[in-house]
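In: Mind looking at a prediction? Sequence and model below.
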Amino acid sequence: MGSSVEQTSSMANIIIPDEWSEAANTVVSAASSPPVTFVCGPKNSGKTIFSRHLVNVLLERYERVAYLDTDVGQTEFTPPGCLSLAVINRITADLTIPCLKTPARCYFFGDISPKRDPTMYLKYISALYDYYEKEFNTFDLSGHTALPLVVNTSGWVKGIGFDILVDMLKYISPTHMVQIRISAESKNLPTGGFWLDERDDASTTLIEISSARQDSLKRSVLVQKDARLLRDLRIMAYFRQCFPSEKDITTIKELARALAAHPPYEVPVSSVKIKHLHNEVPSSEVFYSLNATIVGLAVSSEDNDHLPCCVGLGIVRSIDTLKKLIYVVTPVPHNTLEKVDLLLQGFIQIPNCLLQVQGCFSPYMASNVLPVN
Ligand SMILES: Nc1ncnc2c1ncn2[C@@H]1O[C@H](COP(=O)(O)OP(=O)(O)OP(=O)(O)O)[C@@H](O)[C@H]1O
């Protein structure tokens, strides 16, 4: 173990121990093509903080860094439920804060864990990696150079979570694998190249580091996050983008009121297909199931894999079955929304605090807009 506390950033007590700096330097000084780094380890071990640090270090050498966000419950640049590939071109001064960013490619998985559909989850991850390979890992004639990639993963490292990690590692075949380990050994991943078969070419540089926070007995001190609250905050930050930044919305209450009063887009039912991602809904119940929920706004794809790209999320404000209109609140701009032909419904829910607006009774549950014919 033994990670001494060497460097504490001025903001919010972020600790970058020597071995974390060395790990990042090993990656950044990789001689060959831009490094593809896979960051893994148990829950709350610091994968996200390390990934953010690594991105910053890479940005000192490369103009841009690609980031594959596979932690669908604790997303980095998108609202929860999305899997995305983003391109970062600016150093993040504060490693504690995630920020929203429009990804280069995004898929709506519609759940906060891969456990309900690991096959689909892996399909999305493979497609995102293929997209990186095609768009960002080539040297082209216009002088654009390949970008390094950082892959951040979830902390589900046992059982099926382990199998998913192994499949991801096999597919991505990273140049570097940074494994964060904690003092409770039984919670760690196996050491070494655990995903490699005997016949695999082991060309990955394996780096093992300890979680940054430790007590005097060198036991890991893990900070439990309130995952649900963080997800709600990300959803709220996402829908805050419906309003100009200068608009005075500082509290959750103000956001809830502003969203409830925000004019929704009218989406003709005929212009979209509705797809339930993780359950089956009888056709007679489809509109009821959509009302007052969050949906992924997606565009069908002509690509080989036919995976629809997600351009953002929307709140289904209400549905008028007589006028055949779905009312959607979303920060997605009109010209992008025009391309949307799929509404994807999963299990991403409207935060409860947005459903309690003073003076309105459950603002997204208007009872007179779903007339039974
Ligand atoms: N280097 C660090 N310095 C200070 N605090 C840290 C550091 N690494 C982790 N932490 C604390 O631990 C918490 C969890 O870290 P982080 O989100 O990076 O873990 P994770 O492994 O990505 O978690 P998950 O498995 O849920 O995705 C952080 O919110 C922070 O409070």
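Out: On my side now, so go ahead.
In: Which residue, other than its chain neighbours, is closest to Gly346?
Out: Gly110 (1.8 Å; C-beta to C-beta, 6 or more residues apart in numbering). C-betas here are computed from N, CA, C, even on glycine.
In: Contact partners for the one you found?
Out: Gly81, Leu277, His278, Gly296, Leu344, Gln345, Gly346, Phe347, Ile348 (C-beta atoms under 8 Å, 6 or more residues apart in numbering).
In: switch to 6 Å and redo it
Out: By C-beta atoms under 6 Å, 6 or more residues apart in numbering, the contact list for Gly110 reads Gly81, Leu277, Leu344, Gly346.
In: Tell me which helix or strand the residue nearest to the first one when sequence neighbours are not counted sits in.
Out: Read it as Gly81. Distances taken as C-beta to C-beta, 6+ apart place Ile348 nearest to Gly81, at 4.1 Å, with adjacent residues excluded. Using DSSP states H and E, Ile348 sits in no helix or strand.
In: from memory Ile348 sits against Thr78, does it?
Out: No. Using C-beta atoms under 6 Å, Ile348 is not in contact with Thr78; the gap is 11.0 Å.
In: Quickly note the distance from Cys106 to the ligand.
Out: Distance, Cys106 to the ligand, using C-beta to the nearest ligand atom, to the nearest Å: 19 Å.
In: Check Ile49 too.
Out: 4 Å.
In: again, but for Tyr238
Out: 19 Å.
In: contacting residues around that residue?
Out: Going by C-beta under 6 Å, 6+ apart, the list of residues near Tyr238 reads Pro79.
In: does it sit in a helix, a strand or a coil?
Out: The three-state label given to Tyr238 by DSSP: H, G, I helix; E, B strand; the rest coil is helix.
In: Can you list the low-confidence ranges for the stretch 51-200 of the chain?
Out: Where the stretch 51-200 of the chain drops to pLDDT under 70, the residues are 97-98, 140-144.
In: Around the ligand, which positions in it sit nearby?
Out: Asp71, Gln74, Ser154, Gly155 (C-beta under 6 Å from any ligand atom).
In: wait, which of the residues you listed is closest to Val27?
Out: Nearest to Val27, judged by C-beta to C-beta, of these is Asp71 at 19.3 Å.
In: I'd assumed Leu290 was in contact with Val316.
Out: Yes. Contact between Val316 and Leu290 holds when scored by C-beta under 6 Å: they sit 4.9 Å apart.
In: Between those two, which is the more surrounded one?
Out: Val316 (25 against 20; other C-beta atoms under 10 Å).
In: just to confirm, which helix or strand has Leu165 in it?
Out: Using DSSP H and E, the element containing Leu165 is helix 160-172.
In: going on from that helix, what's the next piece of helix or strand?
Out: Taking DSSP H and E, what comes next after helix 160-172 is strand 176-181.
In: The following helix or strand past that next one pairs with which strands, and in what direction?
Out: Using DSSP H and E, the helix or strand that follows strand 176-181 in sequence is strand 205-210. Applying DSSP bridges, strand 205-210 is found paired with strand 176-181 (parallel).
In: Helix 160-172 and the partner strand, what's the angle between them?
Out: 160 degrees (axes from the mean of the first three to the mean of the last three C-alpha atoms, to 10 degrees).
In: can you list contacts of strand 176-181?
Out: The set of residues external to strand 176-181 that reach it, using C-beta under 6 Å, 6+ apart, is 23, 27, 35, 37-41, 45-47, 188-189, 204-211.
In: Could you pick out the buried ones from the residues you listed?
Out: 23, 27, 35, 37-41, 45-47, 188-189, 204-205, 207-211 (16 or more other C-beta atoms under 10 Å).
In: Please name the residues that touch the closest residue to the ligand within the chain.
Out: The nearest approach of the chain to the ligand comes at Gly155, 2.6 Å away (C-beta to the nearest ligand atom). By C-beta under 6 Å, 6+ apart, Gly155 lies in contact with Pro42, Lys43.
In: Would you quantify the distance from it to Leu165?
Out: 10 Å (C-beta to C-beta, to the nearest Å).
In: cool, Glu338 as well?
Out: Distance from Glu338 to Leu165, by C-beta to C-beta: 39 Å.
In: For the two, indicate the residue with more neighbours.
Out: Between Glu338 and Leu165, counting by other C-beta under 10 Å, Leu165 is the more crowded of the two (21 against 12).
In: can I assume Ser300 is in contact with Leu343?
Out: No. If you go by C-beta under 6 Å, Ser300 and Leu343 don't touch, sitting 11.7 Å apart.
In: Which of those two has more residues huddled nearby?
Out: The residue with more neighbours, out of Ser300 and Leu343, is Leu343; 24 against 14, by other C-beta under 10 Å.
In: confidence score at that one?
Out: Leu343 carries a pLDDT value of 96.
In: My reading is that it lies in a strand. Confirm?
Out: Yes. Under three-state DSSP, Leu343 falls within a strand.
In: Identify the bridge partners of it.
Out: With DSSP bridges as the rule, Leu343 is bridged to Ile274, Leu297.
In: hang on, isn't it packed against Lys275?
Out: No. Look at Leu343 against Lys275 with C-beta under 6 Å: they stay out of range, at 7.2 Å.
In: Count the residues that sit near Lys247.
Out: The number of residues near Lys247, taken as other C-beta under 10 Å, comes to 11.
In: Once you drop chain neighbours, what's closest to it?
Out: That would be Ala258: by C-beta to C-beta, 6+ apart, it lies 7.4 Å from Lys247.
In: Val269 and Arg257: what is the separation?
Out: Distance from Val269 to Arg257, by C-beta to C-beta: 28 Å.
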